[in-house]
Each structure stands twice: as C-alpha cells, then as structure tokens.
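Enquirer: here's a sequence, model it:
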Amino acid sequence: MKLPHAVTLMPLQRHRDECGWLAEIFRDDWGQAKPCQWNATVSEAGVLRGMHVHRSHNDYLVIVQGLMTVGLYDIRPDSATRDLSASLEIGSDDLVALRVPTGVIHGFYCHEPTIYIYAMNAHFHPDDELGCFWADPELRISWPCRDPVVSERDRRAGSLAELRERLGSFTFA
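Expert: Purely as a prediction, here's the structure:
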C-alpha cells in the first residue's frame, strides 16, 4: 500500500516475560522528531476522530489497546504524493508507531474500545487544529462505517475544498 510521503509505520518489538510485556515506543536515536507533548486518548467502539491536519506539528501514535482504521489524505501542495488517499487498519496486536507529518489530513475510526498515546513535536494550539468532514467524497477514503460517533466539531467540519481555501498557499514543513 502506498502512503503519503513521510508517513511512516515502524514496527515495535515486545519484550515478553511471565508477567506480560514491555515495548520501547520512542527513542531519540530512532531519528524521529523529538516530542514536547504526550497525549493519551480513549475512544469507544464506533468513534471516528477527524479528519484533522496540522501546520506546525507531526503526530507520532501508538495503539496500546484496540483496533482502528486510519484514513490519510496528502494536502501538501509540494508533496510527491499530493492528493493521495490511503487507509490502513492497525491495532495493538500489530504494535507499530505511526508518524503523520504536517500537511497530511488524518482521521481514526475505532472498531472497538481503543486506547492510544501520541506525541507531538510542537505544543497543541487550537489555531493549528484544522479539518474537514470525514465523509467528504473528495477524500476518497473507504471508511468501514456509515454512521460513526463523531464530536460536534468534527460533525460541523466543512468540505475539503473549504479546507484548501483556508490553507491558501501555506507551505508545510
């Protein structure tokens, strides 16, 4: 499957013993952007969060428990994968780290109760939380749901065309 440029999936290794397991989920020598903020999210089954895009920070996400479909759309005007849509299913059984760079619109549909942690390489700021409606046909994302639970903000999100207009000629890092 082709992913937008600079979106990465990195397999993580579990170290198991009779008590359970431990996994390193981030090391500064892996070459990822250094996080300055960590967040934990719990979503119930049927929840869809997104579609969101950031101008000033990358997301680095690990699912600790559960299963989600991730929808991606590359809105970066100078990207080699501009306008590429992709979706992938990842879960805690996979134990991978997903990196979503600035300029890639992303959303998460939780098939079951899901807990994930994510880091950002710049602090959260509401002005950097842009988005569009999750089911906009221009996104060309095949979601495994028709009527997900979404936040009021995501329910009211405008179209992809409106998001493009809002971003104007912004160049992503």
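
Enquirer: could you measure from the nearest residue to residue 140 once chain neighbours are set aside over to residue 30?
Expert: Spatially, and ignoring its direct neighbours in sequence, residue 140 is nearest to residue 85 (4.2 Å; C-beta to C-beta, 6 or more residues apart in numbering). (Each C-beta comes from the backbone N, C-alpha and C, glycine too.) For residue 85, the distance to residue 30 (C-beta to C-beta, to the nearest Å) stands at 27 Å.

Enquirer: the two: who's more crowded?
Expert: residue 85 (17 against 9; other C-beta atoms under 10 Å).

Enquirer: identify the bridge partners of the more buried one.
Expert: residue 73 (DSSP bridges).

Enquirer: that one against residue 139, yeah?
Expert: Yes: taking contacts as C-beta atoms under 8 Å, residue 85 lies within contact range of residue 139: 5.9 Å.

Enquirer: low-confidence regions, this protein specifically.
Expert: Counting by pLDDT under 70, the ranges of the chain that qualify are 173.

Enquirer: could you verify that residue 163 is part of a helix?
Expert: Yes: counting by DSSP: H, G, I helix; E, B strand; the rest coil, residue 163 falls inside a helix.

Enquirer: hmm, residue 55 and it touching each other?
Expert: No: judged on C-beta under 8 Å, residue 163 makes no contact with residue 55 at a distance of 11.6 Å.

Enquirer: who has more neighbours out of those two?
Expert: residue 163 (21 against 17).

Enquirer: which non-adjacent residue is nearest that one?
Expert: Per C-beta to C-beta, 6+ apart, closest to residue 163 is residue 132, 4.2 Å.
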